[in-house]
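dropping a prediction and its sequence here:
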Amino acid sequence: MGKDLSEAIYSGMNDTRHFADVPKLDVEVLKGPIMDGFGRYLKEAVVIAERKPVDVAQVLKDTKADMLINYLPVGSEEATNWYAEQALNSNCAFVNCMPVFIASDPEWASRFEERDVPVAGDDIQSQLGATVLHKTLMTLLTERGVVIDESYQLNVGGDTDFLNMLERERLHSKEISKTSAVKAMVPYDFPVKIGPSDYIPFLHNQKICYIDIKGRYFGDSPLEINVKLSVWDAPNSAGVVIDVIRGVKLAMDRGVGGPLTSISAWAFKHPPVHAPASVAKQWVEEFIKGKRLR
């Protein structure tokens, strides 16, 4: 807190790989209300600054911010709803990267639409992460006529995201978000289990996922796919969020408010409308060219 953003991003437990030198930005890191943003495991690892929280809505107005990007820890239900309210109060677009349902919630969506304020979400889907890989495999198998019998996806990592998710009570929305993203690619019900499984400190910002899919093809012949994917989590997420920021800015420049269904379907696990990656990409390209409103 109090540091320039260029210094703060390399402080404390921010332990992703260094891939860019950031010059001084003259942007001070400010403290907002915490509410339920810190679970019990994060409280043991991170020191909370002893300073008064700022008036978030007023800061957004004073700085003429285009959008508020929500990257609060998983399980921050109260805090995410509060920050979404601050975005509305300051006519600031809201990008919800966390698994608390804002853009995909009809009540929140209608409020943003009434105010003509763009909202995109929910729960960011990495450039090539566990969910998008799992979804793509499910789409491929379904299109090739394979009957899927069961599937699971287990994830481990070493950053504060996985430390926070040791608190299982905070995972309800996360598990719904990831599971619904995969199930939406298959036109029938099947047993599936998806979720974070453990925190391994020495992995740092690396995330490892294990995907298993069992199914049957011609003649009821059995098929099984086992996949391991290892990535650096922060840049994997950031590359997609950059595209979301551009999409939201386009909507603002065109005076479009409410949930942005095209960029949300492409970039998030729990969007207002699910679509296969190829369809979502087409929607985004049509939106960029102005052929699609949202």
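Great, that's in hand.

for this structure, longest helix please?
helix 233-253 (DSSP state H).

how about residues contacting it?
Outside of helix 233-253, the residues within contact range by C-beta atoms under 8 Å, 6 or more residues apart in numbering are 16-17, 19, 66-67, 69, 93, 95, 97, 118, 120, 124-129, 157, 159, 161, 205-207, 257, 260, 262-263, 266-267, 284, 287-288, 294. No exception for glycine: its C-beta is placed from N, CA and C like everyone else's.

which of those residues fall in strands?
Per DSSP state E, strands hold the following members of these: Met67, Ile69, Ala93, Val95, Pro118, Ala120, Gly157, Gln206, Lys207.

got a list of what the fourth one touches?
Looking back up the chat, that one is Val95. With C-beta under 8 Å, 6+ apart, Val95 has these contacts: Met67, Leu68, Ile69, Asn70, Val119, Ala120, Gly121, Val241, Val244, Ile245, Val248.

list the strands paired with the helix or strand where Pro196 lies, with their directions.
Assigned by DSSP states H and E, Pro196 falls within strand 192-199. With DSSP bridges as the test, strand 192-199 is paired with strand 147-157 (parallel).

please save the CA atoms from the partner strand in CSV.
In CSV, the C-alpha atoms belonging to strand 147-157 read as follows (Å, rounded to 0.1, in the frame of the first residue of the first chain):
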residue,chain,number,x,y,z
VAL,A,147,-20.3,-40.7,-25.8
ILE,A,148,-18.8,-39.2,-22.6
ASP,A,149,-19.3,-41.4,-19.5
GLU,A,150,-17.4,-39.4,-16.9
SER,A,151,-14.7,-36.8,-16.4
TYR,A,152,-12.7,-35.0,-13.7
GLN,A,153,-10.2,-32.1,-13.6
LEU,A,154,-7.9,-31.6,-10.6
ASN,A,155,-5.7,-28.5,-10.2
VAL,A,156,-2.7,-27.7,-7.9
GLY,A,157,-0.6,-24.6,-7.6
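
okay, buried residues for that strand please.
For strand 147-157, the buried set under the neighbour-count rule, 16 or more other C-beta atoms under 10 Å, comprises Ile148, Ser151, Tyr152, Gln153, Leu154, Asn155, Val156, Gly157.

quick one: that strand to chain centroid distance?
Between the centre of strand 147-157 and the centre of its chain there are 19 Å (C-alpha atoms, centre = their mean, to the nearest Å).

isn't Ile200 right next to Gly158, touching?
Yes. Ile200 is within contact range of Gly158, at 5.1 Å (criterion: C-beta atoms under 8 Å).

between those two, which one's more packed in?
Ranked by neighbour count (other C-beta atoms under 10 Å), Ile200 and Gly158 place Gly158 first, with 20 against 13.

leaving aside the residues adjacent along the chain, what's closest to that one?
Excluding the flanking residues, the one nearest Gly158 by C-beta to C-beta, 6 or more residues apart in numbering is Leu203, at 3.1 Å.

need phi/psi at the one you found.
phi -80, psi -20 (degrees, to the nearest 10).

that one contacts Asp161, doesn't it?
No. Contact criterion C-beta under 8 Å: Leu203 and Asp161 do not qualify, at 11.3 Å.

which of the contacts of Val95 sit farthest apart?
Val119 and Val241 (14.5 Å; C-beta to C-beta).

so those two - more neighbours on which side?
Using other C-beta under 10 Å as the criterion, Val119 and Val241 rank with Val119 on top: 31 against 18.

confirm that Glu113 sits in a helix.
Yes. The assignment for Glu113 by DSSP: H, G, I helix; E, B strand; the rest coil puts it in a helix.

where's Phe202 relative to Val46, distance?
As defined by C-beta to C-beta, to the nearest Å, Phe202 lies at a distance of 19 Å from Val46.

in the strand holding Pro196, what counts as buried?
Of all the residues in strand 192-199, those buried under the rule 16+ other C-beta under 10 Å are Val192, Ile194, Pro196, Tyr199.

what sits against the first one?
Okay, so that is Val192. Glu150, Ser151, Tyr152, Thr179, Val182, Lys183.

and the residues you listed, which is closest to Thr80?
Thr179 (19.4 Å).

contacts only, for the nearest residue to the closest one once chain neighbours are set aside.
Of all residues not flanking Thr179 in the chain, Ile194 sits nearest, at 4.9 Å (C-beta to C-beta, 6+ apart). The contact partners of Ile194, taken as C-beta under 8 Å, 6+ apart, are Thr131, His134, Tyr152, Gln153, Glu175, Lys178, Thr179, Val182.
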